[in-house]
Structures are given as structure tokens and as C-alpha cells.
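Engineer: Following is a predicted model, sequence given first.
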Amino acid sequence: MIAEKTITWFPACNKADVPENGGVCVKYEDEQIALFHFARRGEWYATQNECPHRKQMALSRGMIGTQADEPKVACPFHKKTFSLKTGECLSGDECAIKTYAVKVENDTIYIGIDKDA
């Protein structure tokens, strides 16, 4: 039997609150979430804000780009890179980050929290 995910969508912010090709930090309950507007690709991504390398809340300030067409974010302090789609570390380390679903309705950005995780 496959369990269905229960996604809770919360309004994170307005589109204008996030810089093009950059990120912001959004708080949901006790979680800090990094929200990115990858304008060059016309895409939105959300991940945990904490870099797992040194446990610093910094990913929302990281640089976004691509690696072999995979959208990524680089920690601004340690330069570890993570896939914005899967959370996998692209720098060869075994650490990973949590990712969240994102949807845009009108001018509002919603982040989906998996309540079963």
C-alpha cells in the first residue's frame, strides 16, 4: 500500500518580495525555508534554509545557477552546491537538503509542506 502525501499549502509571500534570480528566507512555524525565483528559467524553488555542512541558516542568500542543466544553489559561505529539484549535494558530499513544492497563484507564492514527512 502506498501512502498518499498530505501537502499543506501556505502563502509565503508576494512575487514582488523575491528578487529575480535570488532568494529570501520564509518562516513557517519553526522552519526556515529558502525560497528562490529562478527568473532566467521561469521557475520557483524552495528548500530548507540551513546548510547541512556547518548548520548555518544561509542558503536563501546563496547564488543560484545550473550544473549540467540541473538548477542549483551554492551556500554563500562554504560553496557546497545542492540541487534545487531534489536537494542532492552536487559537490560530492553525502549530505542533502530538504525541498518543498512551490506554486504561484496570481501574485502569491505558496509553499507546500509535507505533513507526513
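Structural biologist: Happy to help now that I have it.
Engineer: So the closest residue in space to Met57 that isn't next to it in sequence versus Cys95, what's the distance?
Structural biologist: Taking C-beta to C-beta, 6 or more residues apart in numbering, and ignoring the residues beside it in sequence, Met57 has Asn49 as its nearest neighbour in space, at 4.9 Å. C-beta: built from backbone N, CA, C; applies to glycine. As judged by C-beta to C-beta, to the nearest Å, Asn49 and Cys95 stand 15 Å apart.
Engineer: So for these two, which sits in the more crowded spot?
Structural biologist: Asn49 (24 against 13; other C-beta atoms under 10 Å).
Engineer: Quick check: that one touching Ala58?
Structural biologist: Yes. Using C-beta atoms under 8 Å, Asn49 is in contact with Ala58, at 7.2 Å.
Engineer: residues in contact with the nearest residue to Ala46 once chain neighbours are set aside?
Structural biologist: Counting by C-beta to C-beta, 6+ apart, Tyr100 is the residue found nearest to Ala46 once chain neighbours are left out, at 3.9 Å. Shown in contact with Tyr100 (C-beta atoms under 8 Å, 6 or more residues apart in numbering): 33, 46-47, 111-114.
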